[in-house]
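# Quick one: sequence plus predicted model below, questions after.
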Number of protein chains: 2
Amino acid sequence: MIFSSELIKGTLKTMVLKLLADNKKMYGYEITQKVKEITGDRIQITEGALYPTLHALEADGLVITELEYIGKRVRKHYKLTPTGKSKTKEKVNELLAFMDTMKIILDIKLQTA
Amino acid sequence: MIFSSELIKGTLKTMVLKLLADNKKMYGYEITQKVKEITGDRIQITEGALYPTLHALEADGLVITELEYIGKRVRKHYKLTPTGKSKTKEKVNELLAFMDTMKIILDIKLQTA
DNA sequence: CTACAATACATAAGAAACTAATGTATGTTT
DNA sequence: AAACATACATTAGTTTCTTATGTATTGTAG
């Protein structure tokens, strides 16, 4: 089962930041594969969503880039800046807290009729 | 702390369906207040987001409406249809599973360097 | 040895879903 | 009487995604 894309909305930036925090340095294609791998193919990040997000993170000063050449093929590595690291902690904590709050709504029976 | 609105994206429909499942019958304004109440003001659903969502649920046959008059003021109550009830279970289960998957990404240390 | 799949970047048109603002109206509190 | 709360609704604009397309290199299967 693949998660409906609407669920991924709003969590993509946080996911990418957290992956960069855990892996120090990643390139775009690697991020798509890693997410597929660790979610058992249930979350698939499309390139059309990922690249604009990475560019936005760079424009915001949360990541810096570094080019690597594998033969003639280029890889653009992304790495968190200090600002990016603290922003990552913020965003991760917020998402975890949000999910706890959502669970209150999803789990409880408010009234029984 | 109020959750950034981007996090609410994609979960609104599921929240509304679940609230209707637990409360049998609710009107729009009541939904906004209930969500504020049970989340300690951390999730605030705006009317501009809620009403179009309710109308979409009705157009999709997941809810039916019923008008109530309190003096001259009108309340539009929403109630799940049988289709709406089974859709609610699906969406709630999917969101819970999604959150478990997200926790894998947010909690684990993939590599240490 | 060539066609297809995979790797790797990127953009762009359109859609979806929201925000923020505005509008209308009634009821309640200070 | 003014302000706030209740209760519906719409709309212009923005953000963020999907789907498709484009370019190019490298690996693999027939």
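Yep, it's here.

# Now do the phi/psi pair for the residue of chain A found nearest DNA strand D.
Per Cβ to the nearest atom of the strand, A:Gly48 is where chain A lies closest to DNA strand D, at 2.0 Å. (C-beta placed from N, C-alpha, C; glycine too.) Per-residue torsions, A:Gly48: phi -60, psi -20 (degrees, to the nearest 10).

# So for it, what pLDDT did the model give?
Looking at A:Gly48, its pLDDT reads 95.

# Distance of it relative to A:Thr32?
11 Å (Cβ to Cβ, to the nearest Å).

# who's more crowded, these two?
A:Thr32 (17 against 8; other Cβ atoms under 10 Å in any protein chain shown).

# okay but the more buried one is in contact with A:Ala49, surely?
No. A:Thr32 is beyond contact range of A:Ala49, at 9.7 Å (criterion: Cβ atoms under 8 Å).

# Is any residue of the helix ranked longest in chain A near chain B?
Secondary structure of chain A per DSSP state H: the longest helix is helix A:82-107. Yes. Shown here: helix A:82-107 in contact with chain B (Cβ under 8 Å from any Cβ of the partner chain) through A:92, A:94-99, A:101-106.

# Check which helices and strands that helix is in contact with.
helix A:12-23, helix B:5-8, helix B:12-23, helix B:28-38, helix B:82-107 (3 or more Cβ pairs under 8 Å, 6 or more residues apart in numbering or on different chains; DSSP states H and E).

# For the longest one, list every residue counted as buried.
Residues of helix B:82-107 classed as buried: B:84, B:87-88, B:91-92, B:95-96, B:98-99, B:101-102, B:105-106 (neighbour count, 16 or more other Cβ atoms under 10 Å in any protein chain shown).

# Thanks a lot, see you next time.
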